[in-house]
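S.K.: coords please:
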Amino acid sequence: MKELEGKKAPAFSLPGSDGKKHSLKDYEGRTVILYFYPKDDTPGCTKEACGFRDNFAAMAGKAVVLGVSKDSLASHAKFIAKFKLPFVLLADQNMAVMQSYGAWGEKMMYGKPVVGTIRSTVVIGPDGTVLKQWSPVKNAEDHPAEVLEFLRTLES
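M.R.: Numbers count the residues shown, from 1 in each chain. This next block holds a predicted model:
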């Protein structure tokens, strides 16, 4: 896993579910939660996305939430509509951004090594530095609350 804490976050520019391009530089001066997940509308990814949705109001004043997977914008649109997700999902179909964040690579699945998306999250500070990295995320369902708790520590 790529260790990014304390380093400048890798730049990115990806198409978003809102029809716009999203780049890290668009968010200068703001805290960004960038969470990487394997696939729209699968059990673990749905629990994680719904956790970010359910914590969104508490996070909204503290950070921008962006989800990233290799799914298409059409897939993202269905996922957002089905679960009423209030944040943008980014399509990284060539996995370049996931690779730069250490979120694409070998992982264990059912006891066998496979190559794919490593569920992970980074919190990027207003100056573009990675403040916190979870890689891999241990529990998709509980993770959004863990991220919110981290955001609250930044305030104190």
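
S.K.: Quick one: distance of the lowest-mean-pLDDT helix or strand in the chain to the chain centre.
M.R.: The least trusted helix or strand in the chain, going by mean pLDDT, DSSP states H and E, turns out to be strand 104-109, with a mean of 89. The chain centre lies 17 Å from the centre of strand 104-109; the measure is C-alpha atoms, centre = their mean, to the nearest Å.

S.K.: next one: stretch 91-99
M.R.: Distance, centroid of stretch 91-99 to centroid of chain: 12 Å (C-alpha atoms, centre = their mean).

S.K.: Report how far apart the opening and closing residues of that stretch are.
M.R.: End-to-end distance for stretch 91-99: 13 Å, by C-alpha to C-alpha, to the nearest Å.

S.K.: Check stretch 112-127 too.
M.R.: Stretch 112-127 end-to-end distance (C-alpha to C-alpha) = 39 Å.

S.K.: pLDDT averaged over it - what is it?
M.R.: Per-residue pLDDT over stretch 112-127 has a mean of 96.

S.K.: just the CA coordinates of the least confident helix or strand of the chain, formatted as PDB?
M.R.: Output in PDB follows, covering the C-alpha atoms of strand 104-109 (Å, rounded to 0.1, in the frame of the first residue of the first chain):
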ATOM      1  CA  TRP A 104      -5.400  -0.400  -7.400                       C
ATOM      2  CA  GLY A 105      -3.200  -3.500  -7.000                       C
ATOM      3  CA  GLU A 106      -3.000  -6.900  -5.600                       C
ATOM      4  CA  LYS A 107      -5.300  -7.900  -2.800                       C
ATOM      5  CA  MET A 108      -6.700 -11.000  -1.200                       C
ATOM      6  CA  MET A 109     -10.200 -12.100  -2.100                       C
END
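
S.K.: which neighbours does it have in its sheet, and in what orientation?
M.R.: Strand pairing for strand 104-109, using DSSP bridges, gives strand 112-117 (antiparallel).

S.K.: Helix or strand next in line after the strand it pairs with, which one?
M.R.: strand 120-124 (DSSP states H and E).

S.K.: just to revisit the earlier point, which residues touch the least confident helix or strand of the chain?
M.R.: 1, 95, 98, 99, 113, 114, 115, 116, 117, 118, 136 (C-beta atoms under 8 Å, 6 or more residues apart in numbering). Quick note: C-beta positions are derived from backbone N, CA and C, even for glycine.
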